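[1] Predicted model and sequence below, questions to follow.
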Amino acid sequence: MSSHSNRHQMVQKIANTQHQLEQIDFKHLPLKDLFGCNVFNEQVQRERLPKSVFKALQRTIKQGAPIDPAMADSIASAMKDWAIEKGATHFTHLFQPMTGLTAEKHDSFLQMEGPCQGVVEFSGKELVRGEPDASSFPSGGIRATFEARGYTAWDPTSPAYILESPNGATLVVPTVFLSWTGDTLDKKTPLLKSMEVLSHQALRILRLFGNKESKKVFTTVGPEQEYFLIDRAFYMARPDLIHTGRTLMGAPSPKGQEMEDQYFGHIPERIIACMADCEANLYKLGVPVKTRHNEVAPAQYEIAPIFEDSNLATDHQNLTMEVMRKTAPKYGLMCLLHEKPFAGINGSGKHNNWSMSTDQGENLLNPGDTPHDNAQFLVFCVAVIRAVAKYPELLRVSVSGAANDHRLGANEAPPAIMSIFLGDQLQDIMDQLEKGQPKSTIQGGFMEIGVSVLPKLPRDAGDRNRTSPFAFTGNKFEFRAVGSSQSVSGPNTVLNTIVAESIDFIATDLEKAVKGGKDLNKAIQDLLAGILKESKKVLFNGDGYCEEWHKEAEKRGLPNLRTTIEALPIITRKDSVDLFTKYKVYTEKELVSRYKILCENYVKTVNIEGKTAVMMAKTMILPAAIRYQGQIAEAVNATKAAGVDNTAQVGFLKCLTGSINDLQKTTGDLEKALGEHPHGDELAHATHSRDHVLAGIFKLRAAADTLETKVADDLWPLPTYREMLFIK
């Protein structure tokens, strides 16, 4: 059977398949009953725990008070009974190793009391601590491979939940992950440390303003998730998507996103059915997903939640990605979370909306109606500006990776230059503050639409800026550079730490001034004006895509770390080590390990892509091209034998042969680059991967894509962009 038959039969099958779309009955599962039904949340804890235990646990969750180990048995017993009622047979400690994914080992509740006599048990010891094998997880040299012991420790601030499966269910306990020596091997532990550091520093500012009631400040996050959905049959026919998450070759479709008809457009029936199923499962797990819509590129979509504290939001974001991956195949789809699965159209990000709130619900980045009079807001806002201006390279490092390098700086993503967009209103206030006491706030007013039946609409005092990597959007900052496949743990750990350092700097100065008898408002005005003079270089309200901004940013001294390889050395630079060790978020040893792990991940990612590209070129593209070359050669000979002018056919055959030669040469060059092993450290290997292997992949792709435009469609072996992106 020919390739033509295989591919076209696949398309025909997709077109004719009727999927079971009505799998969720929201008439009998109303949202208010569905939400959190599989979560060991505050309501369940109140119902099932002794009163004293419940209150103690809530103090731990809401105020950071240490958990009493003596209560662990009581909590574990209640969890077990609740989980078994929900159909659970096993429990697991879920953790976030340095793979960028989550990991879990399941254990049964079953324990033996004697021969053929079993009971179900879940002790406080099993709840609080687990002991998974740590030897096969990345450690960056923290421990030798043969040193296998690792520990998971219960994180009570992120509630346990039930994960349902076709046969039974599992009680999932979110945990941190540590080595036998106490070094962190995960992404959650540093995040929790950074949140505590920021809380401590922010409370110092609140005390200066007379707030004696707040006991904790939370950083809050609402990560928007962009993703692609394509038919599963197409995915299975693309080795590059299976192995790397992105297409390593593929000529552009005649139509891409240039008509701008996808964004916020009508959601196809199969897609919205899949979305609703995902949402139903996420509601059960207590994930407050709010928004769904078509994104800019064809076959691209977005899901966005309501804000939560950073730790819980991170756990929920990991759950969101997992639920999306698991749900899509039920509808004959595959969920692609890679930052750039298709060349030539928009990639996917994970916009990290970040703010700070007290345990009493006050958003510290809410400017109010007159932000020029809101001194507390100005202090916290200027602290963020100072943090980004002082540590832009660390923010860039936090979103680094081979996948995100394909996206940053393209027309759908912010550039690698870290800058802040404040908007007209807030920029005007900061300009006033730099010169003295701010006295006014630009108001938005109302829009006159000119249609009598429509009301006047209130206008925001400033527009939005999609080209800024770090934009103020009303009561939060949107960190737009985070990649769609990344965990938000790393970016938020960095963001929390650098802002905590700035708040520490401001609090120390203000405390000293007030202690010396200076008026607080005068001290704030003097201090913030000086900070803005030093930090305003990072403020930019214009088009982050334009070439003029790149030139201007260079004049301002803003770094432009275009690739991961340029960014990674920042991790172990002295100022980075000093920052993270000062606040005990990372030890120097842990920072070195992260640096090594990220270098190794880059090399492994690019090498897998290179090997996959070579395999596809040799076993799929080249055979199809040579087969077509033979057909054209036969036609050339036949026309020549018939005495017909075949100049055009000969020219095409020469052109086709030249393209085949290009494919074979670029394939050989890439194989050579893959076989080379440069001398030097981890960064040298990563640099070789970027400069030679990745560059070779790009050249091979160009040759393959050229052939796709020349080889007969009935011989082309791979699902094309026009099929994957537009057949739903």
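    Now that the structure is in, tell me what you want to look at. Because the structure is predicted, anything quoted here is derived from the model rather than measured. Residues are numbered from 1 along each chain as shown.
[2] name the element Ala273 belongs to?
    helix 269-284 (DSSP states H and E).
[3] for Leu663, same thing?
    helix 647-675.
[4] Just checking: what are the partner strands of the next helix or strand after the helix holding Ala273?
    Later in the chain than helix 269-284, the nearest helix or strand by DSSP H and E is strand 289-294. Sheet pairing of strand 289-294 (DSSP bridges) gives strand 300-305 (antiparallel).
[5] Give me the angle between the strand it pairs with and helix 269-284.
    20 degrees (axes from the mean of the first three to the mean of the last three Cα atoms, to 10 degrees).
[6] Figure out how far strand 300-305 is from the centre of its chain.
    Relative to its parent chain, strand 300-305 has a centroid offset of 12 Å by Cα atoms, centre = their mean, to the nearest Å.
[7] Where does Ala553 fall, secondary structure wise?
    helix 547-556.
[8] in that helix, what counts as buried?
    Trp549, His550, Glu552, Ala553, Arg556 (16 or more other Cβ atoms under 10 Å). Using the backbone N, CA and C atoms, a C-beta is placed for each residue, glycine as well.
[9] Check whether the first one really touches Phe540, as I assumed.
    Yes. Trp549 sits in contact with Phe540 when judged by Cβ atoms under 8 Å, with a separation of 6.8 Å.
[10] what are the ranges of the helices in the stretch 1-150 of the chain?
    3-16, 31-34, 42-48, 51-63, 72-85, 124-128 (DSSP state H, counting those that start in this stretch).
[11] Those helices: which one's closest to Ala641?
    helix 3-16 (27.1 Å; Cβ to Cβ).
[12] pLDDT of that closest one, averaged?
    Averaging the model's pLDDT scores along helix 3-16 yields 71.
[13] Name the residues that touch that helix?
    231, 233-234, 237, 332, 624, 713-719, 723, 727 (Cβ atoms under 8 Å, 6 or more residues apart in numbering).
[14] Filter these down to just the buried residues.
    231, 233-234, 237, 332, 624, 715-719, 723, 727.
[15] Grab the most central residue of the chain for me.
    Gln486 (3.5 Å; Cα atoms, centre = their mean).
[16] tell me the pLDDT at that residue?
    95.
[17] quick one: contacts for it?
    Gly100, Lys350, Val399, Gly401, Asn404 are the contacts of Gln486 under Cβ under 8 Å, 6+ apart.
[18] Then it would be within a helix, right?
    No. Per DSSP: H, G, I helix; E, B strand; the rest coil, Gln486 lies outside any helix segment and is coil.
[19] re the thing from before, now the helix or strand just after the helix holding Leu663, how far from the centre of its chain.
    Per DSSP H and E, helix 647-675 leads on to helix 682-688 as the next helix or strand towards the C-terminus. Distance, stretch centre to chain centre, for helix 682-688: 24 Å (Cα atoms, centre = their mean).
[20] Kindly provide the distance from the closest residue in space to Pro392 that isn't next to it in sequence to Gln427.
    Nearest non-adjacent residue to Pro392, counting by Cβ to Cβ, 6 or more residues apart in numbering: Met418, 3.6 Å away. Using Cβ to Cβ, to the nearest Å, one obtains 17 Å as the distance from Met418 to Gln427.
[21] Which one's more surrounded, these two?
    Met418 (26 against 19; other Cβ atoms under 10 Å).
[22] So what does that one look like in phi/psi?
    phi -80, psi 120 (degrees, to the nearest 10).
[23] how about it, what does it touch?
    Met418 neighbours (Cβ under 8 Å, 6+ apart): Val388, Pro392, Glu393, Leu395, Arg396, Pro469, Phe470, Ala481, Val538, Leu558, Pro559.
[24] Between the residues you listed, which sits nearest Ile571?
    Glu393 (9.6 Å).
[25] where's Lys618 relative to Gly668, distance?
    10 Å.
[26] Now do the strands in the stretch 301-450 of the chain.
    308-309, 333-336, 352-358, 420-421, 446-447 (DSSP state E, counting those that start in this stretch).
[27] Tell me which of these sits most buried.
    Greatest average neighbour count among these goes to strand 420-421 (a mean of 27), per mean count of other Cβ atoms under 10 Å.
[28] is it true that Val176 lies in a helix?
    No. Per three-state DSSP, Val176 lies outside any helix segment and is strand.
[29] Could you find the closest non-adjacent residue to it?
    Here the residue nearest Val176, using Cβ to Cβ, 6+ apart, is Thr189, at 4.4 Å.
[30] Just give the number of residues close to the one you found.
    24.
[31] Can you name the two of the buried residues of helix 547-556 that sit furthest apart?
    His550 and Arg556 (10.8 Å).
[32] Could I get the contacting residues of the residue lying closest to Glu671 once chain neighbours are set aside?
    Leaving aside its chain neighbours, Glu671 sits nearest to Val614 (5.6 Å; criterion: Cβ to Cβ, 6+ apart). Contacts of Val614 were listed using Cβ under 8 Å, 6+ apart, and they are Thr667, Leu670, Glu671, Leu674, Leu700.
[33] so where's this protein uncertain?
    1-5, 112-114, 116-119, 133-135, 143-148, 371-373, 409-413, 438-466 (pLDDT under 70).
[34] If we use 80, what do you get?
    1-30, 111-120, 131-136, 138-150, 180, 369-373, 409-415, 436-467 (pLDDT under 80).
[35] returning to that earlier point: against Arg562, how distant is the residue nearest to Glu671?
    26 Å.
[36] swap in His266?
    For His266 relative to Arg562 (Cβ to Cβ), the value is 37 Å.
[37] more neighbours, these two?
    Counted by other Cβ under 10 Å, His266 and Arg562 do not tie: Arg562 has more neighbours, with 15 against 10.
[38] Test my guess that that one contacts Ala416.
    Yes. Look at Arg562 against Ala416 with Cβ under 8 Å: they come within range, at 5.2 Å.
[39] Which phi and psi values does Thr612 adopt?
    According to degrees, to the nearest 10, Thr612 has phi -70, psi -40.
[40] Assign a three-state SS to the residue lying closest to it once chain neighbours are set aside, would you?
    Spatial nearest neighbour of Thr612, excluding adjacent residues (Cβ to Cβ, 6+ apart): His243 at 4.7 Å. Three-state call for His243 (three-state DSSP): helix.
[41] Tell me who's in contact with His243.
    Contacts of His243 by Cβ under 8 Å, 6+ apart are Ile608, Glu609, Thr612.
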